[in-house]
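> sequence? don't have it. structure:
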């Protein structure tokens, strides 16, 4: 059995899902893939079901009743992984903004003492392709803001391309994670940081999606801005919950 599981959350990713799965399976390392689909009306889940006939022992699918947020999709995937024997659990987008080839680099970082390996857009300057300037400023500014508020020395705390060692997820209270948007990525890293786990950033090139539609919206941005401050206060006054 593979020791690594790649969790890919989806909502209306019919244009990308088959290609991303096959690209992961073409890698030299044997990864398994779990797609957590939020009942996509475009047929994403049906496409994955068809692919399962081709990859019966490597491709898995969990379909949820409705669109419930990125964070809850990953929590669902984490619990699924922990119920099995995976040692390395990965987060990756379906839209090729994260290069599947970099999965091996994240895995290697965890093999070399990292507990959490982050595919970082900002470890070495700004490595983002095809984003408009305002989106880069928003993301980079958010990263700087998070570092100030939380004290984490992570250049890209909002990154969604991550490898967790099993023990990290086992020791984080997944039911206590509050954020459901992109701030989920910040909270997971912050909880790992507070528990003393080693977080290492691996520099990657992030390329904006070509196919499909971004899920970013104003509610997600507000959650990240105001939620980070609330999270920091909870970590101070309610330490047991972290």
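In hand now; what should we look at? Keep in mind that what you see is a predicted model, and the values were worked out from it rather than measured.
> where along the chain do the strands fall?
Read by DSSP state E, the chain holds these strands, from start to end of the chain: 4-10, 31-37, 59-63, 88-91, 116-120, 128-129, 162-165, 199-203, 206-207.
> can I get those in TSV with distance to residue 181 and mean pLDDT?
Placement of C-beta: from N, CA and C, glycine included. Output for these, formatted as TSV (distance: least, CB to CB, whole Å; pLDDT from 0 to 100):
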stretch	distance to residue 181	mean pLDDT
strand 4-10	12	98
strand 31-37	16	98
strand 59-63	20	98
strand 88-91	14	98
strand 116-120	18	98
strand 128-129	19	91
strand 162-165	16	98
strand 199-203	21	98
strand 206-207	18	93
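> Mean neighbour count for these - can I get that in CSV?
Compiled in CSV, the strands of the chain are given as follows (neighbours: other CB atoms under 10 Å):
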stretch, mean neighbour count
strand 4-10, 25
strand 31-37, 24
strand 59-63, 18
strand 88-91, 25
strand 116-120, 26
strand 128-129, 14
strand 162-165, 25
strand 199-203, 20
strand 206-207, 20
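> can I get those strands in JSON lines with distance to residue 103?
What follows is the strands of the chain, written out as JSON lines (distance: least, CB to CB, whole Å):
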{"stretch": "strand 4-10", "distance to residue 103": "7"}
{"stretch": "strand 31-37", "distance to residue 103": "6"}
{"stretch": "strand 59-63", "distance to residue 103": "15"}
{"stretch": "strand 88-91", "distance to residue 103": "6"}
{"stretch": "strand 116-120", "distance to residue 103": "9"}
{"stretch": "strand 128-129", "distance to residue 103": "19"}
{"stretch": "strand 162-165", "distance to residue 103": "8"}
{"stretch": "strand 199-203", "distance to residue 103": "10"}
{"stretch": "strand 206-207", "distance to residue 103": "14"}
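> contact partners of the least confident helix or strand in the chain by mean pLDDT?
Using mean pLDDT, DSSP states H and E, helix 218-237 stands out as the lowest-scoring helix or strand of the chain, at a mean of 77. Identification of contacts with helix 218-237 by CB atoms under 8 Å, 6 or more residues apart in numbering yields 138, 142, 145-146, 149-150, 158, 178-183, 186-187, 190, 194, 241-242.
> what do you get if the cut-off is 6 Å, keeping everything else the same?
The contact list for helix 218-237 (CB atoms under 6 Å, 6 or more residues apart in numbering) reads 146, 149, 150, 179, 181, 182, 183, 242.
> how about low-confidence regions in the chain?
Counting by pLDDT under 70, the chain contains low-confidence ranges at 212-221, 224, 240-242.
> which residue ranges form the helices in it?
Ranges of helices in the chain, per DSSP state H, are 17-25, 44-52, 70-82, 103-111, 133-150, 166-170, 183-194, 218-237.
> Redo those helices as CSV? Include mean neighbour count and distance to residue 211.
Output for the helices of the chain, formatted as CSV (neighbours: other CB atoms under 10 Å; distance: least, CB to CB, whole Å):
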stretch, mean neighbour count, distance to residue 211
helix 17-25, 19, 9
helix 44-52, 19, 12
helix 70-82, 21, 19
helix 103-111, 19, 20
helix 133-150, 15, 18
helix 166-170, 16, 30
helix 183-194, 23, 23
helix 218-237, 15, 21
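> Distance to residue 209 added to those helices, as JSON lines?
Below are the helices of the chain laid out as JSON lines (distance: least, CB to CB, whole Å):
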{"stretch": "helix 17-25", "distance to residue 209": "11"}
{"stretch": "helix 44-52", "distance to residue 209": "14"}
{"stretch": "helix 70-82", "distance to residue 209": "15"}
{"stretch": "helix 103-111", "distance to residue 209": "18"}
{"stretch": "helix 133-150", "distance to residue 209": "12"}
{"stretch": "helix 166-170", "distance to residue 209": "27"}
{"stretch": "helix 183-194", "distance to residue 209": "17"}
{"stretch": "helix 218-237", "distance to residue 209": "16"}
